[in-house]
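**Q** Below are the sequence and a predicted model; questions follow.
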Amino acid sequence: MYALVIVEYPVKTLDKTFTYKVPTTMYSLIKVGMKVEVPFGNSLIHGFVLNIFQKVPEVSYELREINRIVDDELILSPELLEIADYLKEETLCTKISAIQTMLPPGLKAGKKKEKNYTHYETYIKLNPSCRNILITSKGQQEIIDRLKVEKVVHQKEINNSSLKTLLRKNIVIAVKVQTYRLNNQIEIKKEKVLTKEQEEAFTKIKNGFNTSQTFLLFGITGSGKTEIYIKLIKEVIKQNKTALMMVPEISLTTQIASRFYEAFGNDVAILHSSLSKGEKYDEYLKILRKEVSVVVGTRSSVFAPLENLGIIIIDEEDSSSYKQDSYPKYNAKNIAEFRSKYHNIPLVLASATPSLESKARADKEVYKLITLNKRIGSSTLPEIHIVDMEKEMKKRNMILSELLQKKIKEKLTRHEQIILLLNRRGYSTFITCSNCGFVYKCPNCDISLTYHKTSNNLQCHYCGYLIKKSETCPKCEQTSLNYYGLGTEKLEQVLKELYPDSRVIRMDQDVTGKKGMHEKIINSFKNEEYDILVGTQMVSKGLDFPKVSLVGVINADTSLNIPDFRSNENTFSLLSQVAGRAGRSDIKGEVIIQTFNPDNFIIKCVEEASYEKFYLYEMAFRRKLKYPPYYYLIGIKVVGKTYDTALAEAAKVKKYIESHVSEETITLGPTTANILKYNDEYRFQIIIKYRFDDSLKETLKTIEENYATNKSCYIDIDINPTRI
Ligand code: ADP
Ligand code: ZN
């Protein structure tokens, strides 16, 4: 018997498989999809079995034997293996990198001496083979008595010197038991009675249970979508099936996970990037061992090895975080669609601001549209005020407008809560010398450094470059440094000065870097330990704080000014979503949006809470400029060590593409990429817009292969990029 094994191979664009002999002792054990240890050169490495066969392979060298099977569990189910092939085809990555992406730490095919993440805890019990129990102290007697009743006790509970003596005398023994690091203790709560609108949505989706229909659940903020998810999943579990619930951000996992624990108890595993490696490994094992029916997680949870899936739900489906920006550049929504077809189960895409792609598909009846137009109970959508910041500047209100200041005061006296959105972290985003004009810039990238006051560092938000800030200008040595560009860190400080009696908390990447911080911030704000929550787009989506009655957007123009075809869509979504955090219970909500473009059409649509108006406007724009959803996009970056080599290679690539694509396909560029210099490399971009082009993938594969061994440049292909 022989096995074809795929292993990690140093050349990024190549897949390598090798044939090994299967030792007779493994005949009955080995399966396709298992992880095995094989001899490779002079060492032992891990790989995955892709095929098992009997026919003697025709090779001139002696085949080596598989050393051992690594994990008891089957790591790659037939479905995951198919997903790996799909990923390879869709994103042009290698099969091994697709496999590695799907797996958690500890289960990837690594070098042999990989860290073992299995977690053990020690329990104490009486030694059954010990007959004559000679007790010399009261402490020892207490332990024995307790063990007689409870049989096993966690070592932590009785860790004292008496225990040590008992262990030494062999009267009691310690046993190691594999346990999971995450164990929720939340009590199960009774489910809510769905409103008529919720019930109707639920029934429509339930009627599609044995189809691979995609539903677009288009429900305004606060319409109670989560309750519908819970009811659907309960129904799925009744049928002995499992469910995958996806959310875009870690902060949302925290909130949804606790509502899911309340609904499903320990039947839930969670997967997101701020879990420790050990926790990820544990949660994954719960799924592999079929100990849970529900998985809640962010992007990569789409690969959760749930068998017998019954439904996939993607919350805030328009979020760009479902697309992975790094290799392999997959979109979790596509994988979800693949799995929905594979299992013949519904996929639910939900949002208050659906992506244009999804809404267009719903209009064409490819997706089934379900709408929720009412908020729960007596709650209504908040009132939105737009403030012209140009006028405010004249009144010297640089950060907070008169209206926003007045409203903050008002809400604070009423003990209601406030969320302020500023989509830029740090203290100031731009430092310059008023004497010589010096600007702090990243030496590796095309960007000014952001000042972080807490750490007194200047930081590049692209590559992470870091230096200490000096008191004087590094060039002319005068004390004439000026700080511009407001960030969340400074806003927090300004608020604390303006409202000294208020309690302000900040949530952005800088403070949530530490494990468990998301949870801590969200819970303490929910428990009303703070009055004002300041944050980046992290605070905009999904969060449900009943006491929030005011949402302020400090600068609505930040996202509007990003040069990207999606910036209107992103702005509309961000502003509508953050507005939706206000007035979610019986307190009336108000929203204040500060902008230098009060007449901007998108901002007007937000003010009127009119998705439809925004949608028609934006679709017309996309159609005219040939952007998605009318055309598909491919972004190709040519990256090189110098400006000239990168540009020259990019021109070659473009020429090659142009001579190989269909007539209708449009090839643009090369232009300098959005960020020309990044991490000390120069980047040029070619954009392909197409509708139907059968040979395009082949053309791209050829280009990728040609550049696999090129020393001066490399190619980065992004199929259906979320931004360009
Ligand atoms: P969405 O995700 O649509 O913005 P949520 O699911 O967060 O809205 O629901 C908004 C609020 O309404 C939550 O506090 C939730 O507990 C509450 N809620 C939802 N459905 C019901 C219901 N049927 N009865 C009572 N309260 C509900
Ligand atoms: Zn940099």
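**A** Here it is on my side, so go on. Ligands and ions are numbered 1, 2, ... in the order given.
**Q** Tell me where the stretch 51-200 of the chain has strands.
**A** 68-69, 120-126, 152-154, 172-178 (DSSP state E, counting those that start in this stretch).
**Q** Partner strands of the third one, with direction?
**A** In the sheet, strand 152-154 lines up against strand 120-126 (antiparallel) (DSSP bridges).
**Q** can you list contacts of the longest strand along the chain?
**A** Counting residues, the longest strand in the chain under DSSP state E turns out to be strand 666-678. For strand 666-678, the surrounding residues in contact (C-beta atoms under 8 Å, 6 or more residues apart in numbering) are 444-447, 462-463, 563-564, 626, 631, 637-638, 647, 650-651, 653-654, 657-658, 661, 682-690, 723-724. (Each C-beta comes from the backbone N, C-alpha and C, glycine too.)
**Q** Intersect the residues you listed with the contacts of ligand 2.
**A** When the contacts of strand 666-678 are filtered against ligand 2 using C-beta under 5 Å from the ion, the residues retained are Asn444, Cys445, Tyr462, Cys463.
**Q** now the residue lying closest to the second one once chain neighbours are set aside, what's its secondary structure?
**A** Nearest non-adjacent residue to Cys445, counting by C-beta to C-beta, 6 or more residues apart in numbering: Tyr462, 4.5 Å away. Counting by DSSP: H, G, I helix; E, B strand; the rest coil, the backbone at Tyr462 sits in coil.
**Q** One more: Glu492?
**A** With three-state DSSP as the basis, Glu492 sits in helix.
**Q** list the contacts for the residue nearest to Cys445?
**A** Counting by C-beta under 8 Å, 6+ apart, the residues that Tyr462 touches are Cys442, Asn444, Cys445, Ile447, Ile675, Tyr678, Asn679.
**Q** burial count for the second one?
**A** A count of neighbours around Asn444, defined by other C-beta atoms under 10 Å, yields 16.
**Q** do the third one as well
**A** Taking other C-beta under 10 Å as the neighbour definition, Cys445 ends up with a count of 21.
**Q** With the last one instead?
**A** Here the count is done by other C-beta under 10 Å, and Asn679 has 15 residues near it.
**Q** Then the fifth one?
**A** Here the number of neighbours of Ile675 (other C-beta under 10 Å) works out to 13.
**Q** Give me the pLDDT value at it.
**A** Residue-level confidence at Ile675 comes out at 81, pLDDT.
**Q** Tell me how far it lies from Val551.
**A** 31 Å (C-beta to C-beta, to the nearest Å).
**Q** next one: the last one
**A** The gap separating Asn679 from Val551 is 36 Å, by C-beta to C-beta.
**Q** ok, now the first one?
**A** From Cys442 across to Val551, the span is 33 Å (C-beta to C-beta).
**Q** The fourth one too?
**A** Taking C-beta to C-beta as the measure, Ile447 falls 29 Å from Val551.
**Q** Show me the domain layout of this structure.
**A** Taking automatic domain parsing as the domain assignment, the ranges for the chain are 2-102, 120-178, 196-372, 383-425+487-624, 431-482, 632-719.
**Q** Report the contact partners of the nearest residue to Lys475 once chain neighbours are set aside.
**A** Excluding the flanking residues, the one nearest Lys475 by C-beta to C-beta, 6+ apart is Phe438, at 4.2 Å. Contact partners of Phe438, counting by C-beta under 8 Å, 6+ apart, are Thr432, Cys473, Pro474, Lys475, Cys476.
**Q** Same check on Val152?
**A** Tyr123, Ile124, Lys125, Val175.
**Q** Looking at strand pairing, list the partners for it.
**A** Per DSSP bridges, the residues bridged to Val152 are Lys125.
**Q** From ligand 2, how far out is it?
**A** 55 Å (C-beta to the ion, to the nearest Å).
**Q** In the stretch 551-700 of the chain, which residue sits closest to ligand 2?
**A** Using C-beta to the ion, the single residue of the stretch 551-700 of the chain nearest to ligand 2 is Asn679, 6.4 Å away.
**Q** Quick one: residues contacting that residue.
**A** Asn444, Cys445, Tyr462, Cys463.
**Q** Below-threshold pLDDT in the stretch 451-600 of the chain: ranges please.
**A** Within the stretch 451-600 of the chain, no range satisfies pLDDT under 70.
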